[in-house]
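*Asks:* how would this look folded up:
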Amino acid sequence: MSLDLEFFKGELEKEQAKLEEELRAMGAKQNPNNPDDWEAVPDDVSQQTADKNEMADRLEDFEQARSTEVSLELRLNQVKSALKKIDDGTYGKCEEGGEDIPEERLRANPAATTCIDHAK
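*Replies:* Residues are numbered from 1 along each chain as shown. Coordinates of the predicted model:
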């Protein structure tokens with residue numbers, strides 16, 4: 001299989017930049033000890049409020065942000081892994097069976113790690 005690795009690298013780099021921007025836009029911060037780890041930061045954590053409803057709303061917002069942060073971080077790590085595979089020369093190989101991942105699948109999901117048969 002002959003893949004246009006520069007095309008896929010470009011697509012993955014664009015997605016990486018988009019994901020990192022989305023994480024920053026939602027207020028997530030990179031862990032200074034582990035740049036691959038992002039953390040949702042609660043809004044106004046140190047402020048005390050007498051209004052229980054407002055506090056409940058803040059907690060709910062934080063839980064939603066945390067859920068979104070986890071999903072974005074998972075995808076970001078998949079994208080980074082795919083970029084590393086391009087550098088290592090193993091991009092486009094199924095992690096389960098070792099066969100080539102069809103180009104159509106990689107165009108749909110450039111960070112795919114398995115062929116369609118092994119994705120089930």
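*Asks:* Would you agree residue 71 falls within a helix?
*Replies:* Yes - counting by DSSP: H, G, I helix; E, B strand; the rest coil, residue 71 is part of a helix.
*Asks:* residues near it, how many?
*Replies:* Around residue 71 there are 11 other residues, counting by other CB atoms under 10 Å. Placement of C-beta: from N, CA and C, glycine included.
*Asks:* OK, contacts around residue 82?
*Replies:* 8, 12, 91, 110-113 (CB atoms under 8 Å, 6 or more residues apart in numbering).
*Asks:* Repeat that for residue 20.
*Replies:* residue 76.
*Asks:* and the gap between it and residue 27?
*Replies:* 13 Å (CB to CB, to the nearest Å).
*Asks:* Include neighbour count and distance to residue 104 when you put the contacts of residue 82 into TSV, please.
*Replies:* Formatted as TSV, the contacts of residue 82 follow (neighbours: other CB atoms under 10 Å; distance: CB to CB, whole Å):
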residue	neighbour count	distance to residue 104
8	21	13
12	21	17
91	21	15
110	22	12
111	21	15
112	19	10
113	16	16
